[in-house]
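K.L.:
What would the 3D arrangement of this be:
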Amino acid sequence: MSLRILLTGVTGQVGWELQRSLACLGEVRAPGRQALDLTQPDSIRRAVRDWRPELIVNPAAHTAVDRAEAEPDLAAAINAVAPGILAEEAAKLGALLVHYSTDYVFDGGKATPYVEDDAANPQNVYGRTKLAGEEAVRANNPKHLILRTSWVYGRRGGNFLRTMQRLMRERPELRIVADQIGSPTWSRLIAEATGQMLAQCLGPNRRPGFVPWGTYHLTCAGATSWHGFAQAIAELDRIEPAPRLIPIPSADYPTPAKRPLNSRLSNARLAATFGLALPDWRRALELCLGE
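P.N.:
Residues are numbered from 1 along each chain as shown. Purely as a prediction, here's the structure:
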């Protein structure tokens with residue numbers, strides 16, 4: 001199997017990891033912003049038409065949740081308009097589009113983990129633009145996989161893990177939100193699971209008549225709060241002396257963008273369709289820190 005693959009967002013946490021996990025499926029072209037500017041529709045169309053990929057993988061996004069409140073047009077261009085154009089161009093080629101979305105399309109008011117068919121009700125600009133991107137993908141190319149994930153972290157880029165590692169070594173005390181619940185998910189596991197899904201969809205041993213297109217939740221198992229995540233980082237990264245971590249409610253840490261209190265996503269559809277399940281979030285964190 002040797003597919004022509006177009007990968008966006010290669011400097012991001014998930015995009016960086018996808019370079020490796022997609023390499024066994026074919027030739028990966030991962031253009032930088034000069035060659036593929038997601039804020040410019042003509043640049044997107046040109047990049048797709050020049051390469052004529054059989055697979056487009058789009059982890060790129062405007063992920064600065066609070067900054068998006070002040071940059072709604074930029075967030076919409078990258079998170080909503082660009083995925084629709086990628087879907088249009090993929091459909092013309094008969095290509096599969098893989099697009100990544102977020103738990104923030106939900107309002108967090110549900111008491112149990114969200115399933116894919118639950119009603120979306122985003123509470124911030126980031127969530128609204130990501131939902132618009134999902135809708136554009138669905139409208140323009142039925143041959144798609146939309147993968148919603150949450151609380152993504154890794155060993156590069158800006159994320160909660162790296163921020164905590166720095167702050168815990170600088171400050172004796174940190175106040176951490178304890179009433180938002182979700183599943184911290186290592187970027188490498190997202191990329192590896194994506195590669196396994198695509199091998200089932202496009203590989204030489206794919207099942208006859210296997211048409212799994214649609215939306216899936218893709219997160220680590222289990223759940224914790226940001227405070228619980230911070231406690232695990234301090235313990236597993238052996239930070240000494242460990243700072244005092246004080247649990248606080250969201251109301252005591254106001255931000256420009258409202259966050260959902262419940263970010264848990266059910267991965268049952270992923271397991272039923274692809275036979276895949278990511279490990280518990282704490283085990284994934286151990287693996288990440290053990291590199």
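
K.L.:
so the residue of the chain most remote from its centre, which of the three states?
P.N.:
Distance from the centre of the chain peaks at residue 241, with 32.7 Å (Cα atoms, centre = their mean). Under the three-state scheme (DSSP: H, G, I helix; E, B strand; the rest coil), residue 241 adopts coil.

K.L.:
how about the nearest residue to it, chain neighbours excluded?
P.N.:
residue 172 (7.7 Å; Cβ to Cβ, 6 or more residues apart in numbering). C-beta coordinates here come from the backbone N, C-alpha and C atoms, glycine included.

K.L.:
Does that neighbour touch residue 242 like I think?
P.N.:
No. Using Cβ atoms under 8 Å, residue 172 is not in contact with residue 242, being 9.5 Å away.

K.L.:
Comparing these two, which residue is more hemmed in?
P.N.:
Neighbour totals were compared for residue 172 and residue 242, and residue 242 leads with 13 against 9 (other Cβ atoms under 10 Å).

K.L.:
Can you read off the backbone torsions of that one?
P.N.:
Torsion angles at residue 242 (phi, psi; degrees, to the nearest 10) stand at phi -70, psi 130.

K.L.:
so it sits right up against residue 234, yeah?
P.N.:
Yes. Assessed by Cβ under 8 Å, residue 242 is found in contact with residue 234 at 4.9 Å.

K.L.:
Which neighbours do these two have in common?
P.N.:
Common contact partners of residue 242 and residue 234 (Cβ atoms under 8 Å, 6 or more residues apart in numbering): residue 168.

K.L.:
how about the strands in the stretch 151-291 of the chain?
P.N.:
152-153, 173-177, 181-182, 185-186, 214-217, 224-225, 244-248 (DSSP state E, counting those that start in this stretch).

K.L.:
between the second one and strand 244-248, how many degrees?
P.N.:
On the basis of axes from the mean of the first three to the mean of the last three Cα atoms, to 10 degrees, strand 173-177 is oriented at 30 degrees to strand 244-248.

K.L.:
how about residue 105, what does it touch?
P.N.:
120-122, 127, 130-131, 134, 148.

K.L.:
actually residue 101, not the one I wrote
P.N.:
Contact partners of residue 101, counting by Cβ under 8 Å, 6+ apart, are 130-131, 133-134, 146-149, 215.

K.L.:
Those in helices, which ones?
P.N.:
In helices, defined here by DSSP state H, the members of those are 130-131, 133-134.

K.L.:
coming back round to it: pick out whichever of the contacts of residue 101 sits closest to residue 168.
P.N.:
residue 149 (24.9 Å; Cβ to Cβ).

K.L.:
Quick check, the closest one in contact with residue 219.
P.N.:
Yes. At 5.5 Å, residue 149 and residue 219 qualify as touching, with contact defined as Cβ under 8 Å.

K.L.:
which of these two has more neighbours?
P.N.:
When neighbours are counted by other Cβ under 10 Å, residue 149 and residue 219 differ, and residue 219 comes out ahead with 30 against 24.

K.L.:
mind checking how far the most centrally placed residue in the chain is from residue 207?
P.N.:
By Cα atoms, centre = their mean, the chain has its centre lying nearest to residue 149, at 4.6 Å. To residue 207, residue 149 is 25 Å away according to Cβ to Cβ, to the nearest Å.

K.L.:
Tell me the bridge partners for the closest residue to residue 90 other than its chain neighbours.
P.N.:
Leaving out its chain neighbours, the residue that sits closest to residue 90 by Cβ to Cβ, 6+ apart is residue 97, at 4.3 Å. When bridges are called by DSSP bridges, residue 97 pairs up with residue 56, residue 144.

K.L.:
neighbours around residue 97, how many?
P.N.:
Residue 97: 27 surrounding residues under other Cβ under 10 Å.

K.L.:
How about the contacts made by it?
P.N.:
56-58, 83, 86-87, 90, 137, 141, 143-145.

K.L.:
Buried ones among the residues you listed?
P.N.:
56-58, 83, 86-87, 90, 137, 141, 144-145 (16 or more other Cβ atoms under 10 Å).

K.L.:
The nearest residue to residue 35 once chain neighbours are set aside and residue 129, how far apart?
P.N.:
Nearest residue to residue 35, sequence neighbours excluded (Cβ to Cβ, 6+ apart): residue 47, at 6.0 Å. According to Cβ to Cβ, residue 47 and residue 129 sit 21 Å apart.

K.L.:
Please apply the same query to residue 150.
P.N.:
Counting by Cβ to Cβ, the gap from residue 150 to residue 129 is 16 Å.

K.L.:
These two - which one has more neighbours?
P.N.:
Legend: neighbour count by other Cβ under 10 Å for residue 150 and residue 129, higher for residue 129 (27 against 23).
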